[in-house]
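Structure for the following, please:
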Amino acid sequence: MDQETAKKLYAEGGIFIFLDVPEGTEFGIDMKSWNTGERFRGVKMIPPGLHFIFYSSVSDTGDTAPRTGFFHNFKKGEVLVKRWDKQNECISPEPVSELEIVNLKDNIRALDNFLGPYPYDIWEKWMSLTSEITIDLVQKLTPSSGYIQSALELESCTDADRPRGKKGDETGPSSKKIRLSNETEKDFLPNLKAKEGTEIRFTPFPVRNYPEGASPSEITRHSLDSSFVIDSMITNYKKSTELLGELEFCYVCFLVGHSLEAFEQWKQLFSLFCSCDVAVKKHRKLYDLFISVIAIQIKEIPEEFLADIVSNNNFVYVKLRNLFRAVQSSDVDGQLKAKVGRFMQSLTELYHWDFEHLDSEEEDEAPVIVET
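Numbering: from 1, shown residues only. Have a look, this model is predicted:
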């Protein structure tokens, strides 16, 4: 970064102080991570705004624990202090005392050599990936524990709560045989659930993908076009763009926080946007923004992530074909169609995917590779 920017961040940037962190711990902020050294005490010069801080404990043998992280909106010049819990190998739930925080702030210059500078080269990219995430949305979606965990803490139900057949079943040897024949392997496994307060509070999808009282023909229409679902989802937010904010939230929690639950929600939201016809014109501005958001996300998808998608019926490619087909066949304005055209071209150049002949239904869902 240039000297003027460095001076401004030094004066106005946030500071994250992390006390008692063991040497070798994996620590990161936004899209960069390191293994801490003996002198590490935190990060300085953090640009004001929303950031994601994460860590993983590392054993003496080099084994790395699942990742844990949290979002924090740094205000100008804010100093955030956390302490490591040695016993549980995580951030201590006990807050650092006000007296200690005041003392640290008063002696912040003495700590300067123990604080690493924020990796400013990632700042622009980070802002583009989180452009629609509001503070209210973060508070709404973050687990009540305050932390995003890549491996959820699970707890089992009591034995009394385990399913033991439907009420009204007859008793006796013959009925027992019937129940056993209908049971699957899952019925004999413990009924595990996420520990309360650790789950990301994703916005739920509607129970039905059609309005109550819909006729059979209307149910069929809504099964082919998910515009009703996207309308229903939008009502859960203060403004429609927060739907894209959740898409970005899930993407970051998966890409940086390694949360598979977030990945599943991201796939559902992505699929929803790509499965609508009526909504493309009805929510034209939202779709314009969706194209911008997803274009950035696809460029940041790791190579192994793309490989997983290719082996799983080419999820991104197939869904984007549906979206591009819907835009081309709609009477939406030419500006959005041109933007979609440029997006298709960029994907063809990046991955050699062929989006020609969108009107034809392909039997094979593998991406068509452009010959070069």
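
List the contacts of residue 67.
Residue 67 makes contacts with 26, 54, 55, 56, 149, 150, 257, 258, as judged by C-beta atoms under 8 Å, 6 or more residues apart in numbering. Placement of C-beta: from N, CA and C, glycine included.

and after the helix or strand hosting residue 321, which helix or strand comes next?
Counting by DSSP states H and E, the element that carries residue 321 is helix 315-329. Sequence-wise, the next helix or strand downstream of helix 315-329 (DSSP H and E) is helix 334-351.

Buried residues, that following helix. List them.
336, 339, 340, 343, 344, 347, 348, 351 (16 or more other C-beta atoms under 10 Å).

Can you tell me, leaving aside adjacent residues, what's nearest to the third one?
This means residue 340. residue 327 (4.8 Å; C-beta to C-beta, 6 or more residues apart in numbering).

so that neighbour makes contact with residue 280?
Yes: using C-beta atoms under 8 Å, residue 327 is in contact with residue 280, at 5.8 Å.

Which neighbours do these two have in common?
residue 287.

tell me the domain ranges of this structure?
10-129, 154-194, 216-351 (automatic domain parsing).

Of those domains, which is nearest residue 137?
With C-beta to C-beta, the closest approach to residue 137 among those belongs to domain 216-351: 4.7 Å.

any idea how far residue 200 is from residue 264?
Going from residue 264 to residue 200 by C-beta to C-beta, to the nearest Å gives 10 Å.

Contacts only, for residue 47.
By C-beta under 8 Å, 6+ apart, the contact set of residue 47 is 9, 13, 14, 74, 118, 120, 123.

And the pLDDT for it?
Looking at residue 47, its pLDDT stands at 97.

With the one 5 residues further on instead?
Looking at residue 52, its pLDDT is 98.

Confirm that it sits in a helix.
No: counting by DSSP: H, G, I helix; E, B strand; the rest coil, residue 52 is located in no helix; its state is strand.

Identify the farthest-apart pair in the contacts of residue 67.
Comparing every pair within the contacts of residue 67 by C-beta to C-beta identifies 26 and 149 as the most remote, at 14.5 Å.

ok, the two, which is more surrounded?
residue 149 (23 against 16; other C-beta atoms under 10 Å).

Neighbours of the closest residue to the more buried one other than its chain neighbours, how many?
With C-beta to C-beta, 6+ apart as the criterion, residue 149 has its nearest non-adjacent residue at 5.3 Å, and that residue is residue 68. Look at residue 68: counted by other C-beta under 10 Å, it has 21 neighbours.
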